[in-house]
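[1] following is a predicted model, sequence given first.
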Amino acid sequence: MNKQWLSVIIAACFEVGWVIGLKHATSVWEWIGTAIAIFISFYLLIKAGEHLPVGTVYAVFVGLGTTGTVCADSLLFGEPWKLAKIVCIVVLLAGVVGLKLVTGEPQEKEVSR
C-alpha cells in the first residue's frame, strides 16, 4: 500500500468523525472539531485523487466511511446490529476491495522540460 492509499484510509476515518459530529455536536467546540474533520477529510481525499484514479478513490473513501459510521453508530450510540445490516456491510467492503484490486496503479508522468 502506498502513501496515497493510506491518505484515503485516514480521510475515511475523519469522515466518520465529521458525520458523527454533524448529528451529535452540541457545543461550539464540537462544531469546530466537526469542521476541522471535514477539512482534513476532504484535503486528504483531494490530495490522493491527484495521484490515484478519482473514481476508485472516491468509492473506497465512501465505502470505508459508510462502514466506519455504521460501526461507530452501533458501538458508541447503541444502534442495534441486524443480520441484513451486516450482510450489506460485507457486500460493500467486498465491492470496495474488489474495485481496488482491479484498478491498476497509474504510471507517473514524466515532466518534460
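    Looks like it arrived, so ask away. Computed from a predicted model, the values in this text were never measured in an experiment.
[2] return the set of buried residues in the longest helix that the chain contains.
    Identified as the longest helix of the chain according to DSSP state H is helix 54-77. For helix 54-77, the buried set under the neighbour-count rule, 16 or more other C-beta atoms under 10 Å, comprises 56-57, 59-61, 63-70, 73. Bear in mind the C-beta positions are built from the backbone N, C-alpha and C, glycine included.
[3] so which of the residues you listed is the closest to residue 95?
    Nearest to residue 95 among the buried residues of helix 54-77: residue 63, at 6.9 Å, using C-beta to C-beta.
[4] I figured that closest one hits residue 96, correct?
    Yes - in this structure, residue 63 is within contact of residue 96 by C-beta atoms under 8 Å, at 3.7 Å.
[5] phi first, then psi, for residue 78.
    Main-chain dihedrals, residue 78, degrees, to the nearest 10: phi 70, psi 20.
[6] per-residue pLDDT, it?
    The per-residue pLDDT reported for residue 78 equals 87.
[7] can you give me the helices in the protein?
    Using DSSP H, the helices of the chain run over residues 3-24, 28-49, 54-77, 83-102.
[8] as CSV, could you dump the C-alpha coordinates of the second one?
    The C-alpha trace of helix 28-49 is given here as CSV (Å, rounded to 0.1, in the frame of the first residue of the first chain):
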residue,chain,number,x,y,z
VAL,A,28,-19.2,25.4,19.7
TRP,A,29,-16.0,23.2,20.3
GLU,A,30,-17.7,20.1,18.9
TRP,A,31,-18.8,22.1,15.8
ILE,A,32,-15.3,23.4,15.4
GLY,A,33,-14.0,19.8,15.7
THR,A,34,-16.5,18.7,13.1
ALA,A,35,-15.4,21.5,10.7
ILE,A,36,-11.8,20.6,11.2
ALA,A,37,-12.6,16.9,10.5
ILE,A,38,-14.4,17.9,7.3
PHE,A,39,-11.4,20.0,6.1
ILE,A,40,-8.9,17.2,6.8
SER,A,41,-11.1,14.5,5.3
PHE,A,42,-11.6,16.3,2.0
TYR,A,43,-8.0,17.7,1.9
LEU,A,44,-6.6,14.2,2.1
LEU,A,45,-9.1,12.9,-0.4
ILE,A,46,-8.3,15.6,-2.9
LYS,A,47,-4.5,15.0,-2.5
ALA,A,48,-4.9,11.3,-3.0
GLY,A,49,-7.1,12.0,-6.1
